[in-house]
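Visitor: got a structure for you, letters missing:
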């Protein structure tokens, strides 16, 4: 929606055509005026801007104004995870990914709104307010990263740093009409990110173009000894096959992507996109990938167990808001009161499910089977990418829904994760790029496609995505 991209901003600053201070103040003013309309923010940080603006100069990214998700810790500033439980929590240190951006002189102007502890898919479950879709404000932006997606889509910043567990970036980015990039698990440090599910959580990138996503990835990928899952390949780039011609690119479309959950209008556009790619000399094959039918079950067994583990510390004693204990009889009553009052229903539901999954009676039946199935899925994807450069699916099965339209039907909400979950389970890089718009009840809405690539092949994936985006970006303007 905004014409100024990160790439063009850097170029114009270096050519003395833009004054960074004026740009920062412009974005601050725009975001403040827009705050009551879209509710994309959790809180504004003009104090951070004022403190750092005179120091952030003459380095690669020239004070580029960005938003940060509210679960990425920023030293001496509140990081609340969209929850009343952490409403006043001030972080004692900054996340590595944020520190890396500071070293390149990016400038945080807002902390962005999110679903509580990144649980749910709509940004309707923030403890503060509902974020609205910039295309039609009666619709959700999806989530849990709705705040950042709306900020980038409505040109309230140049780019945003966010986290994703099962599609928290891909879905809102696709339905707000912007680019997202999910790196390989271990490429970007999770140190300083408040975890929902440690083996799924990743720091991701939201931007206006694929070229901007490339710039951001260069800024934040780094091996970090503080993160036990950070990989020593993190800051190494693989430039193999980057000069592939369109006729050399092989793309696979899983037959299992065509489920009953796929909206007929989205399906029609998706099939048209495949025909278009074939006409441009891409090789696009329909293939069987039976395990994709089971990713939803794998995901919810594993993630619930990890949620239970990660949120166990929020008890109102070690972490979280404390309660007056004057009228409380014992510790059990205290825990019950704290968690009943300060956790919303979706968080409670997943904690309960996770405890059920990891009990002695159910551990082997549910959690262990899900863990083994995940290993098989990762192995199958490794074999798959020996023959193909990318896997193509829609990003979401439906366009953005209206507020509270699906919240009473958990199954419908969970099915929205159908295409995004596999990349998190298999630790693969993925990116979303334009497909077109669909009409829904008189409103025109963006829907996008997802490309998944092999591990550590982000630069190849970006190269393929840029080729496709060049032809499609003008359609969405």
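Guide: Perfect, I can see it now. Worth saying up front: this structure is predicted, and the values here are computed from it rather than measured.
Visitor: state the distance from residue 328 to residue 318.
Guide: 17 Å (CB to CB, to the nearest Å). Heads up, the C-betas are built off the backbone N, CA and C, glycines and all.
Visitor: the two: who's more crowded?
Guide: Each of residue 328 and residue 318 has its neighbours counted (other CB atoms under 10 Å); residue 328 has more, 15 against 8.
Visitor: quick check: the more buried one vs residue 320, distance?
Guide: Noted for residue 328: a distance of 15 Å to residue 320, by CB to CB.
Visitor: can you give me the strands in this protein?
Guide: For the chain, the strands defined by DSSP state E cover 41-44, 64-69, 106-112, 159-164, 179-182, 202-207, 250-254, 283-287, 390-394, 430-440, 443-452.
Visitor: what would those strands look like in JSON lines with mean pLDDT and mean neighbour count?
Guide: Below are those laid out as JSON lines (pLDDT from 0 to 100; neighbours: other CB atoms under 10 Å):
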{"stretch": "strand 41-44", "mean pLDDT": "76", "mean neighbour count": "20"}
{"stretch": "strand 64-69", "mean pLDDT": "87", "mean neighbour count": "29"}
{"stretch": "strand 106-112", "mean pLDDT": "81", "mean neighbour count": "27"}
{"stretch": "strand 159-164", "mean pLDDT": "83", "mean neighbour count": "30"}
{"stretch": "strand 179-182", "mean pLDDT": "88", "mean neighbour count": "28"}
{"stretch": "strand 202-207", "mean pLDDT": "85", "mean neighbour count": "28"}
{"stretch": "strand 250-254", "mean pLDDT": "95", "mean neighbour count": "19"}
{"stretch": "strand 283-287", "mean pLDDT": "95", "mean neighbour count": "14"}
{"stretch": "strand 390-394", "mean pLDDT": "94", "mean neighbour count": "25"}
{"stretch": "strand 430-440", "mean pLDDT": "82", "mean neighbour count": "23"}
{"stretch": "strand 443-452", "mean pLDDT": "87", "mean neighbour count": "23"}
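Visitor: so which of those gets nearest residue 18?
Guide: Nearest of the strands of the chain to residue 18, taken as CB to CB: strand 64-69 at 10.9 Å.
Visitor: just checking: what are the partner strands of that closest one?
Guide: strand 106-112 (parallel), strand 159-164 (parallel) (DSSP bridges).
Visitor: out of the ones you listed, which comes closest to residue 459?
Guide: strand 159-164 (18.2 Å).
Visitor: returning to what we had before: dump the strands paired with strand 64-69 into TSV; add distance to residue 358 as well.
Guide: Below are the strands paired with strand 64-69 laid out as TSV (distance: least, CB to CB, whole Å):
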stretch	distance to residue 358
strand 106-112	32
strand 159-164	23
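Visitor: residue 45 is nearest to which of the ones you listed?
Guide: With distances scored as CB to CB, the stretch of the strands paired with strand 64-69 nearest to residue 45 is strand 106-112 (6.1 Å).
Visitor: relative orientation of the closest one and strand 202-207 in degrees?
Guide: 100 degrees (axes from the mean of the first three to the mean of the last three CA atoms, to 10 degrees).
Visitor: which residues does strand 106-112 contact?
Guide: Contacts to strand 106-112, defined as CB atoms under 8 Å, 6 or more residues apart in numbering, come from residues 24, 27-28, 31, 40-46, 48-49, 52-53, 56, 61, 63-70, 74, 77-79, 98, 101, 145, 147-148, 151, 156-157, 160, 162, 219.
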